[in-house]
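S.K.: Below is the sequence, then the predicted model.
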Amino acid sequence: MAQAVRFYETGGPEVLRWEEVEVGTPGPGEVRIRHEAVGLNFADTYFRSGLYPAALPAGMGVEGAGVIEAVGPGVDGFAPGDRVTYTGSPLGAYSTERVMPAEHLIALPDEIGFDVAASMTMRGLTTAYLLRRIHPLRAGDTVLLHAAAGGVGSIFTQWAKLLGLTVIGTVSSEEKAEVARANGCDHVLLHTHEDIAARVRELTGGAGVPVVYDSIGKATFDASLDSLARRGLLVCFGTASGPVPPIDPMRLAVKGSLFVTRPALADYIADPIERAELAGELFAHVAAGRIRIEINQRYELSDAARAHRDLEAGRSVGSSVLTV
């Protein structure tokens, strides 16, 4: 019988349960997939804690990679035996097998392993829309990236260098600073010891940067705004330290007619054609070795609670994966 991680109430990692589940047969538009690896993302902790709503009891996880075992009526483009990856709702990726909508699947090239796919599909597609859809970046631009040694940060920095960008990255420790530099980060700042906005102004000759990419949220929001150039854009794509405070529009005007956006990956991969374009560019870079995916943490799927504790405590560097 299949096994899965589920939760019946919101709270800390201790609410996660490892139990046997009945998978069933795929219905119209669905497939049954056997997971080879499952992604571990900070967003998973938001569902578990209740920050993101979920109908309880619920499965956990939105990213996985594996092999299709069966397809339901009306499924086109996929067949049993196909290698696939995915990211997106519904919850339930923390499982050995599951039935899910085929519309979320992405064909996985043979050159990319299941563990690599599971550790980078969400992070890679997030990076893809951040760099290729949010703002018209040009070679020579300088950007500020928080959490530069994280899962998104590690992919982002490598991709940004391919585009000719200069990256100022923030990290929380010297260990993570080394990771950021190894991925091509031009300037690495310790947000625990430095005045980020002041250093960004110093590095940009007082101008600030046109775009700040902030996945930390509450703790970095003020520094992010103060690091922007006139008419700059703050991209808030995560809230690792907590939600950002309410925004007074006049504050944006006073600080230089600034822009703020809070994008969601789902809105950039909802269209199948756009999703295929972003995934195709990502997979091409990874398959060719232009972007390296470092899996620095591996956990047994049954040990998901420990993985969540490490993630929330900031002990994770780069990408993580749950093995099946």
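M.R.: That came through fine.
S.K.: switch to C-alpha atoms for all contacts and neighbour counts from now on
M.R.: Fine.
S.K.: Go ahead and flag the most central residue of the chain.
M.R.: Centroid-nearest residue in the chain: residue 123, 3.3 Å away (criterion: Cα atoms, centre = their mean).
S.K.: ok, and what's touching the longest helix along the chain?
M.R.: Secondary structure of the chain per DSSP state H: the longest helix is helix 114-132. With contacts defined as Cα atoms under 8 Å, 6 or more residues apart in numbering, helix 114-132 is touched by 36-40, 63-66, 85-87, 108, 137, 151-152, 155-156, 160, 265, 268, 278-279, 282, 293, 295, 319-321, 323.
S.K.: where does the protein have low pLDDT?
M.R.: Counting by pLDDT under 70, not a single residue of the chain qualifies.
S.K.: can you give me the helices for it?
M.R.: Here the chain has its helices, by DSSP H, at 42-49, 114-132, 151-162, 174-182, 196-203, 221-226, 249-254, 266-269, 272-288, 304-312.
S.K.: now the ones you listed as JSON lines including distance to residue 96?
M.R.: Below are the helices of the chain laid out as JSON lines (distance: least, Cα to Cα, whole Å):
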{"stretch": "helix 42-49", "distance to residue 96": "17"}
{"stretch": "helix 114-132", "distance to residue 96": "13"}
{"stretch": "helix 151-162", "distance to residue 96": "23"}
{"stretch": "helix 174-182", "distance to residue 96": "32"}
{"stretch": "helix 196-203", "distance to residue 96": "43"}
{"stretch": "helix 221-226", "distance to residue 96": "39"}
{"stretch": "helix 249-254", "distance to residue 96": "47"}
{"stretch": "helix 266-269", "distance to residue 96": "24"}
{"stretch": "helix 272-288", "distance to residue 96": "24"}
{"stretch": "helix 304-312", "distance to residue 96": "13"}
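S.K.: can you tell which of those helices is closest to residue 98?
M.R.: helix 114-132 (15.1 Å; Cα to Cα).
S.K.: got the buried residues for that closest one?
M.R.: Across helix 114-132, burial judged by 16 or more other Cα atoms under 10 Å covers 114-131.
S.K.: Kindly report the same for stretch 136-144.
M.R.: Residues of stretch 136-144 classed as buried: 137, 142, 143, 144 (neighbour count, 16+ other Cα under 10 Å).
S.K.: Quickly list what the third one is bridged to.
M.R.: Following DSSP bridges, residue 143 is listed with bridge partners residue 167, residue 211.
S.K.: I'd assumed residue 164 was in contact with it.
M.R.: No: the criterion here is Cα atoms under 8 Å, and residue 143 misses it with residue 164 at 11.1 Å.
S.K.: on that earlier part again, of the helices of the chain, which is nearest residue 4?
M.R.: Of all the helices of the chain, it is helix 304-312 that lies closest to residue 4, at 10.2 Å by Cα to Cα.
S.K.: I'd guessed residue 275 sits against residue 268; true?
M.R.: Yes: applying Cα under 8 Å, one finds residue 275 in contact with residue 268, separated by 7.1 Å.
S.K.: List of residues touching stretch 164-181?
M.R.: Applying Cα under 8 Å, 6+ apart, the contact partners of stretch 164-181 are 138-149, 153-154, 157, 160-161, 185-192, 200, 317.
S.K.: right, I mislabeled it, should have said stretch 287-299
M.R.: Stretch 287-299 is contacted by residues 111-112, 116, 119-120, 154-155, 158-159, 285-286, 307, 316-323 when judged by Cα under 8 Å, 6+ apart.
S.K.: Which members of the residues you listed come out as buried by neighbour count?
M.R.: Buried among the contacts of stretch 287-299 (16+ other Cα under 10 Å): 116, 119-120, 154-155, 158-159, 285-286, 307, 316-323.
S.K.: re the thing from before, ok, which of the helices of the chain comes nearest residue 236?
M.R.: Here helix 221-226 is closest among the helices of the chain (Cα to Cα), at 8.5 Å.
S.K.: now for that closest one, which elements pack on it?
M.R.: Applying 3 or more Cα pairs under 8 Å, 6 or more residues apart in numbering; DSSP states H and E, one finds that helix 221-226 contacts helix 196-203, strand 209-214.
S.K.: any chance of the ones you listed in a markdown table, plus mean neighbour count and distance to residue 225?
M.R.: Shown next, in a markdown table, are the helices and strands packed on helix 221-226 (neighbours: other Cα atoms under 10 Å; distance: least, Cα to Cα, whole Å):
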| stretch | mean neighbour count | distance to residue 225 |
| --- | --- | --- |
| helix 196-203 | 18 | 8 |
| strand 209-214 | 24 | 8 |
